[in-house]
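> quick one: sequence and predicted model below, then my questions.
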Amino acid sequence: MSLFDLRTEAHALPEAWRSRVLGRVGAANLKILRMDERSVIEEVHDYDEGLLVIDGRLELSVKGTKISVTSGQLYVAKAGIPHTVETGSYGTLVIIDLPET
């Protein structure tokens with residue numbers, strides 16, 4: 001894997017909320033994403049998903065509970081549990097897809 005400037009990579013993306021795979025570590029995909037203020041429809045995955053905020057803030061709703069993930073924090077969205085991005089998110093997000101091994 002190469003050295004990445006995560007903020008530069010995120011800002012170079014053509015669209016917010018559209019991730020790009022930077023590489024793989026074992027079975028895990030490492031993705032970069034630029035967040036903006038818009039909400040994102042509910043998602044549910046068949047694998048755990050690590051959401052690491054590099055800068056800014058990620059506003060989530062998980063099972064009716066509001067969760068604010070700030071710079072330097074990691075939230076793991078568990079497999080099978082729906083989560084929604086609420087309005088007010090912004091910044092740089094690393095997504096770590098964690099398939100079961």
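Alright, I've got the coordinates.
> contact partners for Leu52?
Counting by CB atoms under 8 Å, 6 or more residues apart in numbering, Leu52 touches Gln73, Leu74, Leu93, Val94, Ile95, Ile96. (C-beta placed from N, C-alpha, C; glycine too.)
> in the sheet, who's paired with the closest residue to the second one other than its chain neighbours?
It refers to Leu74. For Leu74, ignoring the flanking residues on the chain, the nearest one in space by CB to CB, 6 or more residues apart in numbering is Leu52 at 4.7 Å. Taking DSSP bridges as the rule, Leu52 bridges to Leu74, Val94.
> report the buried residues of stretch 67-76.
Buried positions in stretch 67-76, judged by neighbour count with 16 or more other CB atoms under 10 Å: Ile67, Val69, Tyr75.
> could I get those residues as CSV with distance to Val40 and pLDDT?
Below are the buried residues of stretch 67-76 laid out as CSV (distance: CB to CB, whole Å; pLDDT from 0 to 100):
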residue, distance to Val40, pLDDT
Ile67, 14, 98
Val69, 14, 98
Tyr75, 14, 97
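> any idea how far Arg57 is from Ser71?
Remark: distance between Arg57 and Ser71 (CB to CB, to the nearest Å) = 7 Å.
> how about Val94?
In this view, Val94 and Ser71 are 12 Å apart by CB to CB.
> how about Ser2?
Ser2 is 23 Å from Ser71, by CB to CB.
> now do Ala12
For Ala12, the distance to Ser71 equals 20 Å [CB to CB].
> quick one: what helix or strand has Val21 in it?
When secondary structure is defined by DSSP states H and E, Val21 falls within strand 20-25.
> any idea how far that strand is from the middle of the chain?
13 Å (CA atoms, centre = their mean, to the nearest Å).
> low pLDDT regions in this structure?
For the chain, applying pLDDT under 70 flags the ranges 1, 101.
> and Pro14, how far from Arg34?
10 Å.
> strands of the chain, start to end?
For the chain, the strands defined by DSSP state E occupy 20-25, 28-35, 40-43, 48-62, 65-70, 74-77, 83-85, 90-98.
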